[in-house]
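Asks: sequence plus the predicted model coming up.
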Amino acid sequence: MNKKIHIIIGSTRPNRIGDTVAKWVDEHVKAADTGDFEIVDLADWKLPMLDEPVQAMVGEYTQDHTKKWGEKVQTADGFIIVTPEYNAGYPASLKNALDYLYKEWNDKPVGFVGYGWGGGQDAVRHLRDVVARLKMNALQAQVSIVFTQDTHDENRQIADPKKALEPHKAELVAMIEELQKTLS
Ligand SMILES: Cc1cc2nc3c(=O)[nH]c(=O)nc-3n(C[C@H](O)[C@H](O)[C@H](O)COP(=O)(O)O)c2cc1C
């Protein structure tokens, strides 16, 4: 049976480009037919700021949204996290979604697709510490999409997604290959 991989969109703000980046990832992984991939958009989940009385590691979820989020994440065998860089870190929405759970993340591989003026490298560097604490297996290969002066249009969207994203296809392929190896 195909392994189930969630492509998590880490940013939730209006006019974000995270959804465009995630769609590009999704198109490539689906074309490669290497698993059962699904975009999981944190904007749809609308998780409140963490409101559980005890740490997720204890495993006593009280809120319906925590239980539903846990059931969703539990169905995945691995993850690709699509993350921008915000002030040399990653979005609070992503940290919040990670903090809600524990065992559902444990022992599962995770790859990172970062983007920003420095390719989201600082965001991913911080995330590597966080996923280690969640006992996830971070892939070595990562995708770093570096913005240039002509990446954006006047609406702050990616002006030409093919031109901006396709140069990173080899990085994505390498990451998917590592993910498949880890899951086999
Ligand atoms: C709060 C905030 C802080 C940002 N800080 C950085 C940064 O430290 N480094 C960087 O390369 N880009 C930074 N940017 C620019 C983002 O990389 C760019 O806006 C990107 O599109 C954000 O991803 P999103 O559109 O999916 O939200 C920042 C953007 C925001 C909204």
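Replies: Received, thanks.
Asks: where along this structure do the helices fall?
Replies: 18-32, 42-45, 64-74, 92-99, 121-133, 161-165, 169-183 (DSSP state H).
Asks: out of those, which gets nearest to the ligand?
Replies: Taking Cβ to the nearest ligand atom, helix 18-32 is the member of the helices of the chain nearest to the ligand, at 3.2 Å. Where C-beta positions appear, they are placed from N, C-alpha and C, glycine not excepted.
Asks: do that closest one and the ligand meet?
Replies: Yes. Using Cβ under 6 Å from any ligand atom, helix 18-32 reaches the ligand at residue 18.
Asks: helices and strands around that helix, which ones?
Replies: Counting contacts by 3 or more Cβ pairs under 8 Å, 6 or more residues apart in numbering; DSSP states H and E, helix 18-32 packs against strand 4-9, strand 36-41, strand 78-84, strand 109-116, helix 161-165, helix 169-183.
Asks: wait, which of these is closest to residue 138?
Replies: strand 109-116 (5.6 Å; Cβ to Cβ).
Asks: quick one, what contacts the residue nearest to residue 18 when sequence neighbours are not counted?
Replies: The spatially closest residue to residue 18, leaving aside those adjacent along the chain, is residue 11, at 3.9 Å (Cβ to Cβ, 6 or more residues apart in numbering). Neighbour list for residue 11: 17-18, 42-43, 83-84, 91, 93-94 [criterion: Cβ atoms under 8 Å, 6 or more residues apart in numbering].
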